[in-house]
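Student: Structure, please.
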Amino acid sequence: MQNTLKAPVTFEGIGLHSGKPARMIVFPAPAQHGITFRRSDIALGDTVIPARWDMVERTALCTKLVNASGVSVSTVEHIMAAFAGCGVHNARVEIDGPEVPIMDGSSAQFVREIMATGVQRLGAPVRAWQVLKPVRVETREARATLLPCDRLKITFDIDFAEEGIGAQSRELDLRNGAFARELCDSRTFCRRADVEAMQANGLALGGIPGENAVVFDGAVVHAGAGLRHADEPVRHKMLDALGDLALAGLPIFGHYVGEKAGHSLTNTLLRALFAEPGLVREVTCDPIMTARLPGQGLVWSEIPAQVRRVA
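Tutor: Just a heads-up that it's a prediction; the model follows:
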């Protein structure tokens, strides 16, 4: 069955790029509603923004949604990953600023609060997208692919010249609460040189090394109490990919393969998926299919605690 939250839950913090404070309230929503954002700080016009792939204004640094009236909300990928990873299909998100709070740079607090509030089943079966044929998009440096699969899997490879990151690879089957166990506490990351360049251009104004972002400077790692996983960067890229794939509007049965991919390329992949008939079809999930979706089988004791670091 489709799910929503049992009660509203509130988040407060600052935007990673804007540096502006925001208060965000996630409300339950009925079956077939999907995920929507509403800018409560804007009084006139259409302030509702569907969380959908065709609303994305493609940028390299984050995922930004813009409706037909030009109203936007950015950095939605971490809360969208939390919805997908907790099996929340329907929610109304009200926010009083232009950017979702970055929290600690991961989805962990979103996951903890959603699961503490509780998830409620609705009287409608889950609908999903089933990938039928391989779809691939690429740039000179990066590639993103969706392959047919009877569940959602994510494979990701990154390779940075920065000594503290280097080459990292990981593959994960998203069934049985794997997102919460393996990915949700992995924080956003960047290189020191990138931080300086972004701030010079009026971005990353809310970034605090070690607090809401892991910053790599050669072999030096600014990660607060330490890295939460030895391969935290590639895990965060997988977290981002799940959040961006959630903008398909329905869960996906498919195998996503990202090679140095980012937000923009994943959105390009979704656009390619829906551009040509016969690449994907909408299905109504039976109990066996529903059990394979992310968020099913999630156990509270497996959600990472507030602080976790590798030895």
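
Student: surely Val66 meets Asp54?
Tutor: No: distance between Val66 and Asp54: 10.4 Å, which falls outside the contact criterion (Cβ atoms under 8 Å). (Glycine included, C-beta is placed from N, CA and C.)

Student: Give me the phi and psi for Phe27.
Tutor: phi -110, psi 150 (degrees, to the nearest 10).

Student: Kindly state the beta-bridge partners for it.
Tutor: As for beta bridges, Phe27 partners with Arg92 under DSSP bridges.

Student: give me every residue that touches it.
Tutor: Applying Cβ atoms under 8 Å, 6 or more residues apart in numbering, we find Phe27 in contact with 5, 8, 91-94.

Student: now the residues you listed: which count as buried?
Tutor: 5, 91-94 (16 or more other Cβ atoms under 10 Å).

Student: So Thr266 lies in a helix, does it not?
Tutor: Yes: checked against DSSP: H, G, I helix; E, B strand; the rest coil, Thr266 lies within a helix.

Student: From Gly297, how far out is the closest residue in space to it that isn't next to it in sequence?
Tutor: Once flanking residues are discounted, Thr266 sits nearest to Asp244: 4.1 Å by Cβ to Cβ, 6 or more residues apart in numbering. From Asp244 over to Gly297 the distance is 23 Å, taken as Cβ to Cβ, to the nearest Å.

Student: Which one of the two is surrounded by more residues?
Tutor: Taking other Cβ atoms under 10 Å, Asp244 and Gly297 do not tie; Asp244 has more neighbours (29 against 15).

Student: Test my guess that that one contacts Leu65.
Tutor: No: with contact defined as Cβ under 8 Å, Asp244 does not count as touching Leu65 (11.2 Å).

Student: For the residue nearest the centre of the chain, what is the enclosing helix or strand?
Tutor: By Cα atoms, centre = their mean, the chain has its centre lying nearest to Gly243, at 2.2 Å. Assigned by DSSP states H and E, Gly243 belongs to helix 232-245.
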